[in-house]
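**Student:** show me how the following folds:
(one chain, ligands or ions: 1)
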Amino acid sequence: MPNDQSNDLFDRLASGAAAEWSRYVDHAFVRGMGDGSLPEPAFRHYLAQDYLFLTHFARAYALAVYKGRNLADMRASLNGLKAILDVEMDLHVSLCAGWGIAEDELERTPESKATMAYTRYVLETGLRGDLLDLHVALSPCVIGYAEIGKRLAATPGALDDANPYRVWIAEYAGEAYQSVAASARATLNRLAADSLTPARFPRLLTIFAQASRLEADFWDMGLTLTD
Ligand SMILES: Cc1ncc(CN)c(N)n1
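**Tutor:** Sure thing, here's the model as predicted:
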């Protein structure tokens, strides 16, 4: 449960943007994966767009490496970049293959407006702002999926063989992804200790709320099969 009195920056942001956060993590797409009722074409559409999304997010992490002020910052962002390129992307490509979508088809998929809006917002926020702005913009993505995975995995029946979405849920509920999200939280707190002032918080909250809104729009795009 988000807490606005917390010392944890992520908790304060999720609490300050509670409406946008819950529209994202409690979305109908998410609930449909949990109980297996999500229409399969919606999941396939989402999977293909998520491949494009992850490619742009890898670029955003590369930008975060560049924006680091010291080696600790650069290593933290490099770990985020490696988590996408070496772990999440491989799992994603094999998940897509299991759903009958080959990598060359993923490469040829036209980018939807929701994918463009979200990824370009994060990249532009990072280009314009500093490293804390960029990590705040990245945080609903990294930490949100860990929270969604953990919640869904605790739902009765979600990991049963009968649920076609059990592999996705197990991936994001799994230890490897949970530890990527824990590192992202720690990075936010470390950057905040150096550069967060009370006057700066509202701007960070705006970035966080916007990124959470764009995450929810991404689920909408999957559910409604929008281009
Ligand atoms: C749209 C979206 N948001 C978050 C994640 C988790 N990295 C993802 N794969 N796709």
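**Student:** rest of the way, CA atoms for contacts and neighbours
**Tutor:** Fine.
**Student:** report the contact partners of the nearest residue to Thr125 once chain neighbours are set aside.
**Tutor:** Using C-alpha to C-alpha, 6 or more residues apart in numbering and skipping residues adjacent in sequence, the residue nearest Thr125 is Leu134, 6.1 Å away. Listed by C-alpha atoms under 8 Å, 6 or more residues apart in numbering, the contact set of Leu134 reads 64, 122-123, 125-126.
**Student:** before we move on, what about Trp168?
**Tutor:** For Trp168, the contacting residues are Leu95, taking C-alpha under 8 Å, 6+ apart as the criterion.
**Student:** which residues sit in contact with Tyr61?
**Tutor:** Contacts of Tyr61 by C-alpha under 8 Å, 6+ apart are 77-78, 80-81.
**Student:** look up how far Lys67 lies from it.
**Tutor:** 10 Å (C-alpha to C-alpha, to the nearest Å).
**Student:** hmm, the helix ranked longest in the chain in reach of the ligand?
**Tutor:** What stands out as the longest helix in the chain, according to DSSP state H, is helix 40-67. Yes: legend: contact between helix 40-67 and the ligand by C-alpha under 6 Å from any ligand atom is shown at Asp50.
**Student:** please name the nearest non-neighbouring residue to the most centrally placed residue in the chain.
**Tutor:** Nearest residue to the geometric centre of the chain (C-alpha atoms, centre = their mean): Cys141, 1.7 Å. By the measure of C-alpha to C-alpha, 6+ apart, the closest residue to Cys141 outside its immediate chain neighbours is Glu215, 7.3 Å from it.
**Student:** swap in His45?
**Tutor:** Gly222 (5.6 Å).
**Student:** residues near Ala158, how many?
**Tutor:** For Ala158, the neighbour count with other C-alpha atoms under 10 Å is 22.
**Student:** meant to ask about Ala162
**Tutor:** For Ala162, the tally of surrounding residues (other C-alpha under 10 Å) stands at 11.
**Student:** same thing with Glu175?
**Tutor:** 12.
**Student:** got a pLDDT number for it?
**Tutor:** In the prediction, the pLDDT value recorded for Glu175 is 96.
**Student:** backbone dihedrals for it, please?
**Tutor:** Glu175 adopts backbone torsions of phi -60, psi -40, taken as degrees, to the nearest 10.
**Student:** kindly report the same for Val87.
**Tutor:** Here is the backbone geometry of Val87 (degrees, to the nearest 10): phi -120, psi -70.
**Student:** quick check: pLDDT value at it.
**Tutor:** At Val87, the predicted lDDT confidence score is 93.
**Student:** spit out the contact partners of it.
**Tutor:** Taking C-alpha under 8 Å, 6+ apart as the contact definition, Val87 lies against nothing.
**Student:** many thanks, have a good one.
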